[in-house]
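Asks: here are the coordinates; sequence isn't available:
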């Protein structure tokens, strides 16, 4: 997920995307505990995507104020 793509999205879209990514991370954690996941690096990528989304949301909120 690229930052320039995130900056073009609205706050509502970013919040939906954030919820989706958090759900992915939650289900991935359960699958990791059960031993179903082979790509362990995927959780790191999802966490980075969540951080990018949150950073973009915070920047947009600062610009409004």
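Replies: That came through fine. Note that the structure is a prediction, hence the values are computed from the model and not measured. Numbering: from 1, shown residues only.
Asks: The residue positioned nearest the centre of the chain: which element?
Replies: Centroid-nearest residue in the chain: residue 50, 2.6 Å away (criterion: C-alpha atoms, centre = their mean). Assigning secondary structure by DSSP states H and E places residue 50 in helix 41-64.
Asks: any idea which helix or strand comes after the helix or strand of the chain with the lowest mean pLDDT?
Replies: In the chain, no helix or strand scores lower on mean pLDDT, DSSP states H and E than helix 3-8, which sits at a mean of 91. Next along the chain after helix 3-8, taking DSSP H and E as the criterion, comes helix 11-34.
Asks: what angle separates that following helix from helix 41-64?
Replies: Interaxial angle, helix 11-34 versus helix 41-64 (axes from the mean of the first three to the mean of the last three C-alpha atoms, to 10 degrees): 160 degrees.
Asks: Okay, buried residues for helix 11-34 please.
Replies: By 16 or more other C-beta atoms under 10 Å, the buried positions in helix 11-34 come out as 14, 17, 18, 21, 25, 28. Every residue, glycine included, has its C-beta placed from N, CA and C.
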